[in-house]
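A.B. asks: let me see the structure of the following:
(2 chains)
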Amino acid sequence: MSFQVSQSGGITLVEVEGQLIVGNRQELKQKVLEHLEGGERKFVIDFSDTGYIDSSGLGVLVSLSKKIREQGGELRLSSLNEDLRTLFELTKLDTLFRIADTKEEALEGF
Amino acid sequence: MIHSDHPDETLSGMENEIVLELPTDVRSIEHAVEYVMRRCNACARQGHRLHLNFRVGLTEALANAMLYGNGHDPSKRVRVEIVVANGEIKARVTDQGVGFDPAAVPDPTTPENLLNPGGRGLFLMRQLLDEVSFNDQGNQVTLVLRLDPGPSVLEGGAPA
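C.D. replies: Residues are numbered from 1 along each chain as shown, chains lettered A, B, ... in the order given. Sure thing, here's the model as predicted:
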């Protein structure tokens, strides 16, 4: 997994490439927390190029969402493929996150 | 890292049984799961249910074995046995931990548990596989996915 971080209109966009799984989830968590501690509050994580997120990856997203909310911010997600949507629906995490079809949609509505 | 009788065998060979011994290293999980999927002929023919359901179930079983079963202890190992027979694919994952009580794992989808970072691995296995069972000690999980077309959670066939 690798990820690109960019800023757009006060929003931090993180684009994940590859799989977000138990072996690499801490890298993403650390990167987002650095930006949160740096004062940023609006985050979008985009999964256009992500094949799979395991339960540990889902757990990291939940944990990040909680920490960002505690600081008065919000974490939104975008571009989940069909398999990823299935995992979010099964675990009911689709009720916890605002999920946009595209990163553009996520950024526009923030 | 991986022990097998035919390590170079690829999709072209018929594969009914695969046995792997993995170190307790979560970075090995992705590679091990890809290896199983690549070597399993039945996997290649089964399409989406194998690609998502079996892959996710096996990944979660390996992660649980390493994180909770073996407690991250790099001196402990995880044994994986895959058998394709009688119209089903069966994965047995055994760790060297003391075991756990699967009945004690709470439902991660209830409102009070939804914000918990953990607890979704076993839930996903139960949702995505046709059978999930444990030995009495609780250090071995057996996953079964029936290969003939049947009701699937992904097709809306089973309750949540």
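A.B. asks: quick check: residue B:145 touching residue B:129?
C.D. replies: Yes. Judged on CB atoms under 8 Å, residue B:145 makes contact with residue B:129 at a distance of 5.5 Å. The way it works is simple: take the backbone N, C-alpha and C, and place the C-beta from them, glycine included.
A.B. asks: who has more neighbours, these two?
C.D. replies: residue B:129 (27 against 23; other CB atoms under 10 Å in any protein chain shown).
A.B. asks: measure the more buried one to chain A for me?
C.D. replies: 12 Å (CB to the nearest CB, to the nearest Å).
A.B. asks: how much space between that residue and residue B:146?
C.D. replies: The gap separating residue B:129 from residue B:146 is 9 Å, by CB to CB, to the nearest Å.
A.B. asks: contact partners of the helix or strand of chain A with the lowest mean pLDDT?
C.D. replies: Least confident helix or strand, chain A: strand A:2-8 with a mean of 91, by mean pLDDT, DSSP states H and E. The contact list for strand A:2-8, computed with CB atoms under 8 Å, 6 or more residues apart in numbering or on different chains, reads A:12-18, A:27-28, A:31, A:35, A:40, A:107.
A.B. asks: the strand or helix carrying residue A:46: partners in the sheet, and parallel or antiparallel?
C.D. replies: Residue A:46 is part of strand A:42-49 when elements are defined by DSSP states H and E. Using DSSP bridges, the strands paired with strand A:42-49 in its sheet are strand A:11-17 (parallel), strand A:74-78 (parallel).
A.B. asks: out of the ones you listed, deepest packed?
C.D. replies: Among the strands paired with strand A:42-49, the stretch with the highest mean neighbour count (mean count of other CB atoms under 10 Å in any protein chain shown) is strand A:74-78, at a mean of 22.
A.B. asks: now the element after it, going C-ward?
C.D. replies: Downstream of strand A:74-78, the next assigned helix or strand under DSSP H and E is helix A:82-90.
A.B. asks: which strands border the helix or strand following that next one, and is each parallel or antiparallel?
C.D. replies: Counting by DSSP H and E, the next helix or strand C-terminal to helix A:82-90 is strand A:98-100. With DSSP bridges as the test, strand A:98-100 is paired with strand A:74-78 (parallel).
A.B. asks: any idea how far the partner strand is from the chain center?
C.D. replies: Relative to the centre of its chain, strand A:74-78 is centred 6 Å away, using CA atoms, centre = their mean, to the nearest Å.
A.B. asks: what residues does that strand touch?
C.D. replies: A:32, A:41-48, A:61, A:64-65, A:68-69, A:97-103, A:105-106, A:110.
A.B. asks: what sits up against stretch A:103-110?
C.D. replies: Against stretch A:103-110 from outside (CB under 8 Å, 6+ apart): A:8-9, A:11, A:13, A:15, A:42, A:44, A:46, A:48, A:74, A:76-79, A:98, A:100.
A.B. asks: in it, what counts as buried?
C.D. replies: Across stretch A:103-110, burial judged by 16 or more other CB atoms under 10 Å in any protein chain shown covers A:103, A:106-107, A:110.
A.B. asks: around chain A, which positions in chain B sit nearby?
C.D. replies: Applying CB under 8 Å from any CB of the partner chain, we find that chain B lies next to chain A at B:26-30, B:51-52, B:55-56, B:59-60, B:63, B:67, B:108-109, B:114-118, B:120-121, B:123-124, B:127-128, B:153-154, B:160.
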